[in-house]
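> I would like the atomic coordinates for the input below:
(chains A, B and C)
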Amino acid sequence: MKCNESVRSQVPLVHCITNYVTVNDVANALLACGGSPIMADDIGEVADITSISNALVLNIGTLNARTVASMVKAGQTANEKGIPVVLDPVGAGASALRNETTRELVEKVRFAIIRGNLSEMSFIAGLEVSTRGVDSSEADSGNDPVAVAKAVASAHGCIAAITGAEDVVTDGQRVAKIQNGVPQMGKITGTGCMLSGVVGAYVGACQDRFQAVVAAVASMGIAGEMSLDKEGHKGTGSLHIGIIDALSQIDDDTIEKRGKIQYEA
Amino acid sequence: MKCNESVRSQVPLVHCITNYVTVNDVANALLACGGSPIMADDIGEVADITSISNALVLNIGTLNARTVASMVKAGQTANEKGIPVVLDPVGAGASALRNETTRELVEKVRFAIIRGNLSEMSFIAGLEVSTRGVDSSEADSGNDPVAVAKAVASAHGCIAAITGAEDVVTDGQRVAKIQNGVPQMGKITGTGCMLSGVVGAYVGACQDRFQAVVAAVASMGIAGEMSLDKEGHKGTGSLHIGIIDALSQIDDDTIEKRGKIQYEA
Amino acid sequence: MKCNESVRSQVPLVHCITNYVTVNDVANALLACGGSPIMADDIGEVADITSISNALVLNIGTLNARTVASMVKAGQTANEKGIPVVLDPVGAGASALRNETTRELVEKVRFAIIRGNLSEMSFIAGLEVSTRGVDSSEADSGNDPVAVAKAVASAHGCIAAITGAEDVVTDGQRVAKIQNGVPQMGKITGTGCMLSGVVGAYVGACQDRFQAVVAAVASMGIAGEMSLDKEGHKGTGSLHIGIIDALSQIDDDTIEKRGKIQYEA
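Numbering: from 1, shown residues only, chains lettered A, B, ... in the order given. Below you'll find the model as predicted:
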């Protein structure tokens, strides 16, 4: 698998409708891994922008009425054109609006990939959740990530990725567990959002979407490890910048050598 | 006082309705000091989000009609539930809209803390001001910070914090003057916004709100000093990242040892 | 020419209506070079804010109906008051909305400076373009930057700046070509946006606008070179921070010594 090589040679254009908290990091992470980001959320242009893109990423981190309508339109345009769509259901479970929006999006748009933490994915799987803000809730930690991911993948015909201490990626059949990453990443906002952007680049450039998501997820964990080694001991500001540095230097070799990926039937 | 320990052990959820210029830094500063940020500004969810939070921070840096209505609703929800609300009146005095919005907010919402620069706080105290943009104006530098802070604290039954070369915190009775910080911090956008976020974390986790605000204000100044020592000589980009680094490493010991805090009757 | 000295001594207030992707970098770049940024986009306050500013920067990177109306109002206010206005037509050519907005802005507002990449500027010059997202398109690389810049300058009575491997600045008569910069800057989002902000500061403080734009463009390229030397080998995250560091340290001497500027008739 030469996923990263594909990203760096094809430079997929990734249309992101994403939150304003981490949007700069998402753009820089996308550029670092070899993609090309374009952020556009006005309903008057999202169809145009999606149409020239290789992937679309929808992230509800700071959703509002105006941008949710744009997400639906962009998502439906992508579906018509066969462009893969990634959903990052930030904070699903934390408010009625996020719950309704998540339901509306999965009903109206066909997602190629849904990526979230265990609480968010548990909500999508139809389980009772007690999300606390945008972080995964302790109370939901009893849910089995593999079962939850498989439920989401089956219900929505997509690849499901749950990120946490151990990441799980599944297409409903194949399951990969990924052990990369460092706990300090939880002290930086946006590692999940950045990963969703990077996933967009990988699926925008690679044929095998399951392998593309596995590689993208591993690359983000490895980036955290590399950053902590080099810069992160200084504190979370340096860890943050070091993650972008690492993403700009990770290639398929790095992923192969450092990836702690285990496949299950 | 073990304010920072309380923040790090309780991990208060801090709901921020804040400007899009510095929102990423506010989130990372909140995480660095031990809190957990959630940014949400749609009127359809702010009551839900505030209700699960330990503090609410309202910052008018890039206010608009949509988010001002959300600020009022979130603030009133916080008041009903006894959740402390922090106001950062960015640029009050600089436009009629900011003036009217500031007046509307202090009229409709009961603030636990109001934090701003001398121009902004002079405006809230009802003095004539000549704010120049978002920085404190030379022309207002004749106003006495202690008198202005006491006026704000008395008029609004809150803790007032004025940050500048010397910071002043008062609950109307007790006064603390804090001498930490470095002038180079004025060359980075968002140190004030970050501080307001950090204040939200501290008052969300500590019983004694006056001491919590004093500790938060001192911690930001100390972070500037630590960053300038370690990284900041490289320039303002490194100073910026070094401040987040320092916030992630400051604990109550650091504040006690490095804090230049003087109490007055 | 002591453009940077003028910026650092006058600290021009620069009103930016800009995209939410790179807004933090624009503010920090403006502060680093000696200016003072203020971001405000509500139609209820843009006239007030522009009126107290020394320059106005309009950037359509994440345009929407609400902010386009604010851009027109701010631009017309600036025209009435004789305040220079900078246009950064991000992604012009990439969607019908961006095209229409760009046309509306140049029709309703008189710009002192228009700065973009070759695709964006070719669109404004009325050429057929095939912009791909927010980056300049290969397909447009056959256009002659000097001819395109001269066409824009003549048609709109402005200074036109096209940035790329070689930058071109012209007032329609005088032409400067600038060879500073490093290709790695293309892997960071926002170097163009930051430059437009810096241009705002330079034209807000310097009499000779042509020389001011030349100095601003050179300073951004030099910042990229300085950053790559010192920090950028670590990766694109460090390159990004190093650019802000360098902008905070560049003065007229640096520009004179390191600037690779060539004037043509």
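> From now on I want contacts and neighbour counts done on CA atoms only, so please keep to that.
Fine.
> you'd agree A:Ala94 is up against B:Ala47?
No: with contact defined as CA atoms under 8 Å, A:Ala94 does not count as touching B:Ala47 (11.3 Å).
> Find residues that contact each of these two.
Common contact partners of A:Ala94 and B:Ala47 (CA atoms under 8 Å, 6 or more residues apart in numbering or on different chains): none.
> and A:Val199, what element?
helix A:191-205 (DSSP states H and E).
> And the contacts of whichever helix or strand comes after that helix?
Downstream of helix A:191-205, the next assigned helix or strand under DSSP H and E is helix A:209-230. Residues from elsewhere that reach helix A:209-230 (CA under 8 Å, 6+ apart): A:1, A:3-4, A:159, A:161, A:167, A:169-171, A:176, A:178-182, A:185, A:191, A:195, A:198-199, A:202-203, A:206, A:239-240, A:242-247, A:250, A:255, A:258-261.
> can you map out the helices along the stretch 101-250 of chain A?
Along the stretch 101-250 of chain A, the segments classed as helices by DSSP state H, counting those that start in this stretch run A:118-124, A:145-156, A:191-205, A:209-230, A:236-249.
> Disregarding residues adjacent in the polypeptide, which is nearest to the residue in the stretch 151-265 of chain A that chain C sits nearest to?
In the stretch 151-265 of chain A, the residue that lies nearest chain C is A:Asp245 (3.9 Å; CA to the nearest CA). Leaving out its chain neighbours, the residue that sits closest to A:Asp245 by CA to CA, 6 or more residues apart in numbering or on different chains is C:Gly235, at 3.9 Å.
> List the residues that contact that neighbour.
Taking CA under 8 Å, 6+ apart, we find C:Gly235 in contact with A:242, A:244-246, A:248-249.
> Local confidence estimate at it?
Looking at C:Gly235, its pLDDT stands at 97.
> Confirm for me that A:Leu97 is in contact with B:Ile43.
No: in this structure, A:Leu97 is not within contact of B:Ile43 by CA under 8 Å, at 9.6 Å.
> Show the backbone phi and psi for the residue nearest to A:Asp245.
With angles defined as degrees, to the nearest 10, C:Gly235 sits at phi 140, psi -180.
> residue contacts, A:Asn59?
Neighbour list for A:Asn59: A:16-19, A:87-90, A:193 [criterion: CA under 8 Å, 6+ apart].
> Check A:Tyr263 too.
With CA under 8 Å, 6+ apart, A:Tyr263 has these contacts: A:174-177.
> In three-state terms, label it for me.
Following DSSP: H, G, I helix; E, B strand; the rest coil, we place A:Tyr263 in the strand state.
> partner residues bridging it?
The partner list for A:Tyr263 in beta bridges (DSSP bridges) reads A:Ala176.
> any idea how far A:Ser119 is from chain B?
15 Å (CA to the nearest CA, to the nearest Å).
> Spatially, which residue comes closest to that residue, not counting chain neighbours?
Closest to A:Ser119 by CA to CA, 6+ apart is A:Ser136, at 4.9 Å.
> correct me, but the one you found touches A:Met121?
No: judged on CA under 8 Å, A:Ser136 makes no contact with A:Met121 at a distance of 9.6 Å.
> What residues of the strand or helix carrying A:Ser6 count as buried?
Applying DSSP H and E as the criterion places A:Ser6 in helix A:3-10. Using 16 or more other CA atoms under 10 Å in any protein chain shown as the test for burial, helix A:3-10 gives A:3-8, A:10.
> ok, so of these, who is nearest chain C?
A:Arg8 (11.5 Å).
> which residues does the closest one contact?
A:33-35.
> Around chain C, which positions in the stretch 151-265 of chain A sit nearby?
A:241-246, A:248-249 (CA under 8 Å from any CA of the partner chain).
> Kindly give the local confidence score, pLDDT, for the residue nearest the centre of chain A.
In chain A, the centroid-proximal residue (CA atoms, centre = their mean) is A:Ser196; its distance is 2.1 Å. Here, the pLDDT recorded for A:Ser196 equals 98.
> which one of A:Ser136 and A:Met121 has more residues nearby?
A:Met121 (30 against 23; other CA atoms under 10 Å in any protein chain shown).
> hang on, the earlier thing: which of the contacts of A:Arg8 fall within helices?
Those of those mapping onto helices are A:Cys33, per DSSP state H.
> Adding pLDDT and distance to chain C, write the contacts of A:Arg8 out as CSV.
CSV is the format used below for these (pLDDT from 0 to 100; distance: CA to the nearest CA, whole Å):
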residue, pLDDT, distance to chain C
A:Cys33, 98, 9
A:Gly34, 98, 8
A:Gly35, 98, 9
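> okay, the contacts of A:Arg8 in a markdown table with neighbour count and distance to C:Glu104 next?
What follows is the contacts of A:Arg8, written out as a markdown table (neighbours: other CA atoms under 10 Å in any protein chain shown; distance: CA to CA, whole Å):
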| residue | neighbour count | distance to C:Glu104 |
| --- | --- | --- |
| A:Cys33 | 30 | 36 |
| A:Gly34 | 28 | 34 |
| A:Gly35 | 29 | 31 |
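> Tell me where the stretch 1-150 of chain A has strands.
A:13-17, A:36-39, A:55-59, A:85-88, A:113-116 (DSSP state E, counting those that start in this stretch).
> Now tabulate those strands in JSON lines and tack on distance to B:Ala27.
JSON lines is the format used below for those (distance: least, CA to CA, whole Å):
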{"stretch": "strand A:13-17", "distance to B:Ala27": "20"}
{"stretch": "strand A:36-39", "distance to B:Ala27": "21"}
{"stretch": "strand A:55-59", "distance to B:Ala27": "17"}
{"stretch": "strand A:85-88", "distance to B:Ala27": "18"}
{"stretch": "strand A:113-116", "distance to B:Ala27": "19"}
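> Export those strands as CSV, with columns for mean pLDDT.
As requested, the strands of the stretch 1-150 of chain A are exported to CSV (pLDDT from 0 to 100):
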stretch, mean pLDDT
strand A:13-17, 98
strand A:36-39, 98
strand A:55-59, 98
strand A:85-88, 98
strand A:113-116, 98
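> Any chance of the residues of the stretch 151-265 of chain A next to chain C in a markdown table with neighbour count and pLDDT as columns?
What follows is those, written out as a markdown table (neighbours: other CA atoms under 10 Å in any protein chain shown; pLDDT from 0 to 100):
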| residue | neighbour count | pLDDT |
| --- | --- | --- |
| A:Ile241 | 23 | 97 |
| A:Gly242 | 27 | 97 |
| A:Ile243 | 32 | 98 |
| A:Ile244 | 30 | 98 |
| A:Asp245 | 28 | 98 |
| A:Ala246 | 26 | 98 |
| A:Ser248 | 22 | 98 |
| A:Gln249 | 16 | 98 |
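> Of those residues, which is the nearest to chain B?
A:Ile241 (8.2 Å).
> which stretches of chain A have low pLDDT?
A:130-134, A:137-139, A:265 (pLDDT under 70).
> how about the residues of it near chain B?
A:20-22, A:61-65, A:94-98, A:132-134, A:187-189, A:234-238.
> Find the closest residue to chain B in the stretch 101-250 of chain A.
Taking CA to the nearest CA, the stretch 101-250 of chain A has A:Gly235 as its residue nearest chain B, at 3.9 Å.
> count of residues packed around A:Gly126?
By the criterion of other CA under 10 Å, A:Gly126 has 11 neighbours.
> so how far is A:His156 from it?
12 Å (CA to CA, to the nearest Å).
> go on, A:Ala32?
From A:Ala32 to A:His156 the distance is 30 Å (CA to CA).
> Of the two, which one has the most company?
A:Ala32 (26 against 21).
> Return the residues in contact with that one.
A:244-245, A:247-249, C:187-188, C:236.
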